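# Below are the sequence and a predicted model; questions follow.
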Amino acid sequence: MKPERKVQPKFSIAWVLAALLLLAAIGLFDRWLVTFPDRRELGSRLARIDSERVDFDASGFAPLRLVGAWRLTSSDPRFGGISALAIENGRLLALTDSGVVVRFSPWRHSARVAELPGGPGPNRFKVNRDSEALVADPSGRGWWVAFENRDELWLYDRGFTRALQRIWLGDRRWRVNSGIEGAVAERGSLLLFHEGGDNLIRVTGTRARNLPIAGAVARLSDAVDVGGGRMLVVERRLTPLGFRNALVVLEKAGESYRLGRRFELPLSRRDNVEAAAMERLPGGGRRLWLMTDDNFHGRMRTLLIALDLPDRF
């Protein structure tokens with residue numbers, strides 16, 4: 001027994017050293033992998049968009065009225081990973097999390113797919129084109145795009161042919177993949193939402209100011225202005241069973257904001273809502289468009305959902 005007790009500490013130390021060496025090797029391998037390009041630009045081209053109607057129980061979206069829901073697929077390999085959405089001249093303008101812009105109409109089978117003309121760092125690496133938020137410039141100059149992980153705002157012209165301005169949001173010390181996810185224009189400023197959900201950033205000119213959000217309990221994604229000083233924010237919760245998606249009303253509360261009424265979205269646990277846009281309809285109605293991020297994973301879907309808001313919403 002005595003010789004065995006002497007050998008036991010040696011075995012324990014050996015196991016600890018082996019584990020440390022393994023962790024170090026994994027870390028070095030991970031750093032080595034990111035030196036390899038993982039993104040290739042294909043230029044601007046027309047692509048086919050196919051839509052398959054998806055049936056949902058319309059009562060699950062109340063008080064919003066379900067207009068329709070479709071699963072979208074495309075012949076272009078860049079279509080997917082949808083992270084933001086906007087309305088442009090009656091068409092939908094979708095942004096992917098790899099720096100790709102998709103212009104399409106939900107009622108047609110073609111789309112214009114193109115890369116952003118520039119962004120943070122070399123375009124051969126996806127981490128430099130992790131575009132997550134899209135909003136029209138309040139002055140009409142073009143489109144603002146927020147890049148996660150690089151924590152930068154870029155302004156592009158209306159046709160996405162060139163970059164006009166670049167703003168660094170400073171050292172926010174956010175965790176990886178926890179940067180800006182949504183943006184709304186408000187009275188000459190931009191309101192930026194990051195995944196943490198407990199505050200937003202108001203950008204006026206090149207100045208950025210943090211404003212707290214009360215009542216945040218989950219990650220926030222895209223947001224839209226619904227009028228009357230209110231916004232609808234996409235809220236996501238990742239559970240052991242998958243995603244839970246909801247829309248939450250965001251209201252001004254003095255110098256801060258607060259989250260109010262929550263509307264659960266009756267989607268699959270594999271559906272990850274990341275993009276939202278508000279369309280003004282003829283006659284004064286308001287239509288909310290939502291899109292999901294398939295993460296370029298075969299078991300997930302790119303859904304397009306149309307919901308009409310009630311008049312007194």
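Received, thanks.
# In the chain, where is pLDDT below threshold?
Confidence mapping of the chain against pLDDT under 70 gives the ranges 1-12, 14-16, 18-19, 21-36, 172-178.
# Domain-wise, how is it divided?
The chain breaks down into these domains under automatic domain parsing: 1-36, 37-308.
# can you tell me how far the residue nearest the centre of the chain sits from residue 182?
With distances taken as CA atoms, centre = their mean, residue 83 lies nearest the centre of the chain, 3.4 Å away. Applying CB to CB, to the nearest Å, the value for residue 83 to residue 182 is 9 Å. Where C-beta positions appear, they are placed from N, C-alpha and C, glycine not excepted.
# cool, and residue 252?
17 Å.
# out of the two, which sits in the busier spot?
More crowded of residue 252 and residue 182, by other CB atoms under 10 Å: residue 182, with 28 against 13.
# Wait, a helix at the more buried one?
No - applying DSSP: H, G, I helix; E, B strand; the rest coil, one finds residue 182 to be strand, outside a helix.
# Tell me the secondary structure of residue 17, please.
Classification of residue 17 by three-state DSSP places it in helix.
# Could you give the number of residues near it?
A count of nearby residues for residue 17, using other CB under 10 Å, gives 10.
# Then residue 287?
17.
# Quick check: phi and psi on it?
Per-residue torsions, residue 287: phi -120, psi 130 (degrees, to the nearest 10).
# can you tell me how far it sits from residue 87?
Residue 287 is 9 Å from residue 87, by CB to CB.
# Common neighbours of those two, please.
278, 279 (CB atoms under 8 Å, 6 or more residues apart in numbering).
# sorry, back to before: and the helix or strand hosting the residue nearest to the centre of the chain, which strands flank it?
Here residue 83 is covered by strand 82-88, with elements defined by DSSP states H and E. Here strand 82-88 has these sheet partners by DSSP bridges: strand 91-96 (antiparallel).
# got the CA coordinates for stretch 157-171 in CSV?
Taking Å, rounded to 0.1, in the frame of the first residue of the first chain, the C-alpha atoms of stretch 157-171 are listed here in CSV:
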residue,chain,number,x,y,z
ASP,A,157,-24.8,55.1,-50.3
ARG,A,158,-28.3,54.2,-51.3
GLY,A,159,-27.2,51.7,-53.9
PHE,A,160,-24.6,50.0,-51.8
THR,A,161,-21.9,51.0,-54.3
ARG,A,162,-19.5,52.7,-51.9
ALA,A,163,-18.9,53.5,-48.2
LEU,A,164,-19.4,57.1,-47.1
GLN,A,165,-18.5,57.1,-43.4
ARG,A,166,-17.1,54.9,-40.6
ILE,A,167,-17.7,55.2,-36.8
TRP,A,168,-15.9,53.1,-34.2
LEU,A,169,-18.2,52.6,-31.1
GLY,A,170,-15.2,52.4,-28.8
ASP,A,171,-14.0,49.5,-26.6
